[in-house]
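Colleague: take a look and give me a structure for this.
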Amino acid sequence: MKKILRRTMVLTAALTMTIAGVGCGSSNPQDSSSSEAQEPVESVAEISYANVNFDFAEQIAAEREAVKLVPDAVDIPLSVADINGATGVQLAASIDKSNTTDYYLNAMVAGNELVFSAAEGSAIDSANSSASGELEVKDDGTVAVIPAVIKAGKPTDEVITVKMNDGAAYKIHTLHELMPGMEITGEGVAAENAGIYDFALDRFLLRVNTEGELVYYRNMGSVGEHISENFGKQITADGGCYTFFVELHPDYRNVGGGYSSGMYIVMDENYNEIDYVTLRPNGDANHTHGEGYLDEHEFVVLGNKHYLLYSCTPELVSNLPENVTGIDGGNTAYVWAGIMQEVKDGAVLKEISTTDYPLLYESAVEKIDYENSTDQGKEITLNDKTIFALSEGWMDYVHLNSLDYTLKADGEVDKLLVSMRDQCAVYQFDFASGAVEWILGGKASTLGGYDEYATTRTDEKGNEFKALTYAQHYARYTNRQADGTISGNPEISVFDNQTGEAPFLMNLDLPTRTRTFKAVIDNETKTATVSDVIVGADLNGKTDKYHSASHCGSVVYANANSVVIGWGLHAVIDNLGADVPKGTISDTGFDDLRIGSRPVVTEYDAANDTIAFELTGIRNPGSQSQEAFFSYRTYKTAL
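Modeller: Predicted coordinates for the structure are as follows:
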């Protein structure tokens, strides 16, 4: 088995760091046993950055060429297109290769007209819809139809039968045969909170409105075993767009479900692909490198071709602090660096990397075996099988999960809010200087005042620390104004997975008591005031579902009647098929931990303590995917 990494990807990174401060750069932060505020991280005027000369441009170009974003055209004299040009709206063959009469829409936009056309040398004789009856063949030989609305929870497959002049007949199904099932329950969403949920499930990009109607779908199964995730609508002053991630290089995938190496795709408001984004080359003297991969965890649209990018990139670093042991007892280690980049019109405006901050090596909770790090990969045990994983040799010591921002009055990026899973902490950076302004949670917290919500936890090596969050995923500013600025103290929301124990992999030591909360950060008093805590397990009895996530997830506190929670992944449950016997894995108060036992999204009415809307995914029996059945996050936008 090949264990040799292409040498183009890892070069020595030498750097020094001026951030200091007792508690953040202390000799033994693992011994911290209180969430009382630590000494602050110093603001810094200058940072001596890493200089890492990677360039994956040639590799990325080849992989982009190989990865199909739409299926091959079917070999019949009939085609279909969306009236507004939505990418991926075309005919797909049945998974039953012997079936030459039934074809399926690969994508559909509800309410949009579909136009069927005959190939050159053929003609449409007649057409009929099982929902609307006979369809007109127009003078130009095309047939147009607006399909009936599909109820996501109780879908009806509209069949459009098109007969050709040679006598052949083709049945076109508006409901794709691999569409995941969706069970929808809840008390109902109030009119003022009407909107659309965006998520990805088993390689389907999906939009479902609060009435339970399927607004949009696109099957990304043509990509094959490459991950296609993190689909959602983003709205800026320049208008709305849709974005999603497609994996390009599976060899770099963290086997435990951590990160992926690929690109982000931007679609306009008509679902037409308009941009394909990777980490941009940077000529800055402090961060010189070529094109890189993006990670699936975060992609933020600031405006037209204006993005915040995140890459998880392998590096050999040589700036471990004195009290952290690296390879051969020195200060070097192979790590996954978190690179954050602001890009506009393809040009890098600003970039910082987690390897610029030595304090992060010692404050990490997971993947901290720097001494035994390697670029040759490792054999690991997964599901009782020993496999080789190229990605596992590098220490994933930060594992950035989410990235949010505030703007200055002039529109420039001001602050970055960064959730790092393997730090068990949320960080705020001043983007211009790169200074760490505050740290919420983890071994190096600069904030206190949250003891009531903290517990004593351990890192991967058994060292105890006082944890507010544990393997948390998602953090967002909740008081950012329409112009992107914040007045006064920042208020944030956090999806806190509270995973069983480190390392944060598949773990049978349930329960995982996932929760969400809000916090107001006062950097003057060095305190965090926690409020609006929602514990997932407290919702179990309301819908007889298991509200838990070992990894991933999201939360938006819209108002008192609308808290939208995406339940991400539970590494144990979501790898067990629906046919697994009931009770295979049990947990106190909930005994059926199988696919379909957890919701994808819950809209919680906190004021009335009720579930307004809840959608649970059900794997399609025809799906051959070997991946866990889950949605990375769920987003919601207004109608």
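Colleague: contacting residues for residue 512?
Modeller: For residue 512, the residues meeting the contact criterion (CB atoms under 8 Å, 6 or more residues apart in numbering) are 497, 498, 499, 500, 548, 549, 550, 570. For the C-beta atoms, the positions are set from N, CA and C on the backbone; glycine is no exception.
Colleague: any idea how far residue 202 is from the fifth one?
Modeller: Summarising the geometry, the distance separating residue 548 from residue 202, computed by CB to CB, to the nearest Å, is 20 Å.
Colleague: neighbour count winner among the two?
Modeller: residue 548 (30 against 23; other CB atoms under 10 Å).
Colleague: how far away is that one from residue 450?
Modeller: As judged by CB to CB, residue 548 and residue 450 stand 22 Å apart.
Colleague: repeat that for residue 544.
Modeller: Taking CB to CB, one finds residue 544 at 32 Å from residue 450.
Colleague: same check, this time on residue 404
Modeller: Applying CB to CB to residue 404 and residue 450 gives a distance of 20 Å.
Colleague: re the thing from before, more neighbours, residue 544 and residue 450?
Modeller: residue 450 (21 against 10).
Colleague: correct me, but the more buried one touches residue 531?
Modeller: No. Counting by CB atoms under 8 Å, residue 450 does not reach residue 531; the two are 10.6 Å apart.
Colleague: overlap in contacts of these two?
Modeller: residue 519.
Colleague: which stretches of the protein form helices?
Modeller: All helices of the chain, identified by DSSP state H, fall at 57-66, 359-362, 540-543.
Colleague: quick one, which of these is packed in tightest?
Modeller: helix 359-362 (a mean of 24; mean count of other CB atoms under 10 Å).
Colleague: for that one, the averaged confidence score.
Modeller: What helix 359-362 shows for mean pLDDT is 95.
Colleague: which secondary element of the chain has the worst mean pLDDT?
Modeller: Lowest by mean pLDDT, DSSP states H and E among the helices and strands of the chain is strand 12-13, with a mean of 28.
Colleague: tell me the bridge partners for the closest residue to residue 284 other than its chain neighbours.
Modeller: Leaving aside its chain neighbours, residue 284 sits nearest to residue 351 (6.5 Å; criterion: CB to CB, 6 or more residues apart in numbering). Beta bridges link residue 351 to residue 341, judged by DSSP bridges.
Colleague: residue 475 versus residue 351, what's the distance?
Modeller: Relative to residue 475, and taking CB to CB, residue 351 is found at 21 Å.
Colleague: show me which of the two is the more surrounded one.
Modeller: Set side by side, residue 351 and residue 475 show more neighbours around residue 475, with 28 against 22, by other CB under 10 Å.
Colleague: got a list of what the more buried one touches?
Modeller: Residue 475 neighbours (CB under 8 Å, 6+ apart): 402, 404, 417, 418, 419, 426, 492, 493, 494, 495.
Colleague: got JSON lines for those, with distance to residue 312 too?
Modeller: As requested, those are exported to JSON lines (distance: CB to CB, whole Å):
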{"residue": "402", "distance to residue 312": "13"}
{"residue": "404", "distance to residue 312": "18"}
{"residue": "417", "distance to residue 312": "18"}
{"residue": "418", "distance to residue 312": "13"}
{"residue": "419", "distance to residue 312": "14"}
{"residue": "426", "distance to residue 312": "18"}
{"residue": "492", "distance to residue 312": "23"}
{"residue": "493", "distance to residue 312": "24"}
{"residue": "494", "distance to residue 312": "21"}
{"residue": "495", "distance to residue 312": "19"}
